[in-house]
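S.K.: Prediction below, plus the sequence it came from.
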Amino acid sequence: MSMPKITFKESNRRYLRAFVPVMVFYSVFCFAGPALLEKAGNPPRALVAMVALLSATPLVVVFWLMGRLLRETDEYTRLIQSRAMLAGGGFTLSFAGVWGFLEHFGIAPHLWPFLLIPLFFASYGAAMVIHQLRTGKGESR
Amino acid sequence: MKNILKELRATRGWSQGDLADALGVSRQSVNALETGKYDPSLPLAFRIARLFGKRIEEIFDDEA
């Protein structure tokens, strides 16, 4: 058995090389999109739809990149990341379910669904931190 | 599963990072393997064994 097709470091580099420009585009377009629509005055529905879809596209790409990273990274990292993503996804969907019913019955105000994405990343990150605290960093030498 | 990975690494004077690079995995993976918190897959166990010129059962002990 030889080395894996791609090493841990290479898979991380490949992820970051794609992640950074996608996030730059997202950050810029979140401001540029609404500015463009405002400048257009009364923009056609198709333009509004295009701006909305272009705003969401980087998020979809990031999830695809995360999936590729999971396939390419080493087996231990894949296990830890998968667990953290499951924890983050489980927490986010549970929150969405509870909030959805509260909103449906008029208790909670309306929540934009795209706000669940940062909640997912926050809970996924928290799960990773909890794992680090539980296992320790280990020795560096 | 107990193993002698840490001892084998020490004989070569390698850091966890050195071993991680040699195996193409993260340093955290090596730490998890050495501390017995993670058992490697068969392909990774073979890579480790070949790297140190030993058989898998000479490195990993599932009965300890």
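M.R.: Alright, I've got the coordinates. Keep in mind it's a predicted model, so treat the numbers as computed, not measured.

S.K.: Hmm, B:G36 is touching B:L5, no?
M.R.: No. Contact criterion Cβ atoms under 8 Å: B:G36 and B:L5 do not qualify, at 9.4 Å. (C-beta placed from N, C-alpha, C; glycine too.)

S.K.: more neighbours, those two?
M.R.: Legend: neighbour count by other Cβ atoms under 10 Å in any protein chain shown for B:G36 and B:L5, higher for B:L5 (20 against 13).

S.K.: tally of neighbours for the nearest residue to that one once chain neighbours are set aside?
M.R.: The shortest distance from B:L5 to any non-neighbouring residue, by Cβ to Cβ, 6 or more residues apart in numbering or on different chains, is to B:E34 (4.9 Å). For B:E34, the count of nearby residues is 20 (other Cβ under 10 Å).

S.K.: again, but for the one 10 residues further on
M.R.: The number of residues packed near B:L44 is 21, by other Cβ under 10 Å.

S.K.: now the one 10 residues further on
M.R.: B:K54 sits with 13 neighbouring residues when counted by other Cβ under 10 Å.

S.K.: Give me the neighbour count for the residue of chain B found nearest chain A.
M.R.: Relative to chain A, the nearest point of chain B is B:N31 (3.1 Å; Cβ to the nearest Cβ). By the measure other Cβ under 10 Å, the count of residues near B:N31 is 22.

S.K.: How many neighbouring residues does residue 23 have?
M.R.: Chain wasn't specified; assuming chain A. Counted with other Cβ under 10 Å, A:M23 comes out at 14.

S.K.: you looked at the wrong chain, it should be chain B
M.R.: Other residues close to B:L23 by other Cβ under 10 Å number 21.

S.K.: could you say which helix or strand contains residue 10?
M.R.: As the question left the chain open, I've gone with chain A. helix A:8-40 (DSSP states H and E).

S.K.: was after chain B, sorry
M.R.: helix B:5-12.

S.K.: can you list contacts of that helix?
M.R.: B:Q16, B:D18, B:L19, B:V30, B:L33, B:E34, B:I48, B:F52, B:K54, B:I59 (Cβ atoms under 8 Å, 6 or more residues apart in numbering or on different chains).
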